[in-house]
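3D model of this:
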Amino acid sequence: MSEKAIITCSVTGVLTDPNQHHVPVTPEQLAAEARRAYDAGASVVHVHFRQQQEGKGHLPSWDPAVAKACVDAMRAACPDIIINQTTGVVGPNYQGPLDCLRATRPEMAACNAGSLNYLKVRSNGSWAWPPMLFDNQPAKVQDFLDVMAETQTLPEFECFDVGIVRCVGMYVETGMYPGLPEYNFVMGVESGMPADPDLLPILLKLKIKDAPWQTTLIGRSEIWPAHLRTAELGGHLRSGLEDTFYLPDGSKVSSNAPLIEQLARYARDVGREVATPAEARQMLGLAALSEV
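Below you'll find the model as predicted:
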């Protein structure tokens, strides 16, 4: 078990409408939410970028200038926090995320490690959105890994299904990735792995030995037993307004801070301390702040 738990705050999401939920959009809003998460115990913030024009805040942006303004604002608010940047995009044109990586040079970034049929069905039997493929074929993964190597960014391998966990091992075996991978088990996407704590021991058997791991749990109050099990098994913890709006008792939050406070409580309940940003850097093999 890792004695200290690294807590990541998924500070905002990709499409959540700020007119309906309290998700941050502007650089100033992202900075304020990053600070709230930091003060609650987060050492990492995972960030998506949104369009900044009036009425467009629910849409993603891959404008490098927007990305840099958002990252600079968060770094100013929390000088030692670790930035973990999104890269997820559907389709053959993914130049935007690559450009954003080069513009901001984050310490960490998501590397979506495999493809998934991205589906959800409404209670009436209709599709919640048109069925789509979240495509992450090996050539695309390699392109992201190449740019992350260029920007000295640690890839966080996002695994939405059991087979994708096994793919990460193949990336290492074939030399696509030369280091010890950092796994993120994404659970709760309707067409991916369920947020089931009983699945965690299987995933741990499939990952590379001694590789660090965390869980991303998407849902409502049903996700919290898997968060607690993650803490018990030595994994790192993530939550935030991208993943949920609900605490274990079902109450809805309007800020990231209560979600991060709950994760910190779970870590301490099982006898673990919460890692500081400096400790998280050391645990993940990142450069010390003075070297960044």
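
pLDDT below threshold where in the protein?
1-2, 288-292 (pLDDT under 70).

need the strands for the protein, in chain order.
Secondary structure of the chain (DSSP state E): strands located at 4-5, 7-10, 44-47, 82-85, 108-112, 116-118, 132-134, 154-159, 182-187, 213-217, 236-239, 273-274.

which elements pack onto the third one?
Judged by 3 or more C-beta pairs under 8 Å, 6 or more residues apart in numbering; DSSP states H and E, the packing partners of strand 44-47 are strand 7-10, helix 27-40, helix 64-77, strand 82-85. Where you see a C-beta, it was placed from the backbone N, CA and C, and this is true even at glycine.

got the contact list for the residue lying closest to residue 40 once chain neighbours are set aside?
Leaving aside its sequence neighbours, residue 40 sits nearest to residue 260 (C-beta to C-beta, 6 or more residues apart in numbering; 3.8 Å). Contact analysis of residue 260 by C-beta atoms under 8 Å, 6 or more residues apart in numbering lists 7, 9, 37, 40, 41, 42, 239, 240.

what do you get for residue 194?
Residues near residue 194 by C-beta under 8 Å, 6+ apart: 187, 188.

now residue 264
Applying C-beta under 8 Å, 6+ apart, the residues near residue 264 are 7, 40, 41, 274.

highest neighbour count among those?
Highest neighbour count within these: residue 7, with 28 neighbours (other C-beta atoms under 10 Å).

partners of that residue in the sheet?
Counting by DSSP bridges, residue 7 is bridged to residue 237.

show me where this protein has helices.
27-40, 64-77, 95-104, 138-151, 162-173, 200-206, 224-233, 257-269, 277-284 (DSSP state H).

just how off-centre is the first one within its chain?
Average the C-alpha atoms of helix 27-40, do the same for its chain, and the two points are 16 Å apart (C-alpha atoms, centre = their mean, to the nearest Å).

need the strands of the chain in CSV (columns: distance to residue 32).
Below are those laid out as CSV (distance: least, C-beta to C-beta, whole Å):
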stretch, distance to residue 32
strand 4-5, 24
strand 7-10, 12
strand 44-47, 12
strand 82-85, 16
strand 108-112, 21
strand 116-118, 31
strand 132-134, 30
strand 154-159, 24
strand 182-187, 25
strand 213-217, 23
strand 236-239, 18
strand 273-274, 21
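
from the contacts of residue 264, which single one is nearest residue 175?
Nearest to residue 175 out of the contacts of residue 264 is residue 7 (C-beta to C-beta; 32.1 Å).

circling back to that earlier point, what would the helices and strands packed on strand 44-47 look like in TSV with distance to residue 223?
Below are the helices and strands packed on strand 44-47 laid out as TSV (distance: least, C-beta to C-beta, whole Å):
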stretch	distance to residue 223
strand 7-10	12
helix 27-40	18
helix 64-77	25
strand 82-85	19
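
look up how far residue 87 lies from the residue nearest the centre of the chain.
The centroid of the chain falls nearest to residue 46 when counting by C-alpha atoms, centre = their mean (5.1 Å). Distance of residue 46 to residue 87, given as C-beta to C-beta, to the nearest Å: 11 Å.

which neighbours do these two have in common?
Common neighbours of residue 46 and residue 87 are listed as residue 110 (criterion: C-beta under 8 Å, 6+ apart).

residues near residue 271, how many?
10.

equivalent analysis for residue 141, please.
22.

hmm, it is touching residue 112, no?
Yes: between residue 141 and residue 112 a contact is recorded at 7.5 Å, counting by C-beta atoms under 8 Å.

if we can go back for a sec, so of the helices and strands packed on strand 44-47, which one's packed in deepest?
For these, average neighbour numbers computed from mean count of other C-beta atoms under 10 Å are highest in strand 7-10, which has a mean of 28.

what is the burial count for residue 135?
Residue 135 - counted by other C-beta under 10 Å - has 16 other residues nearby.
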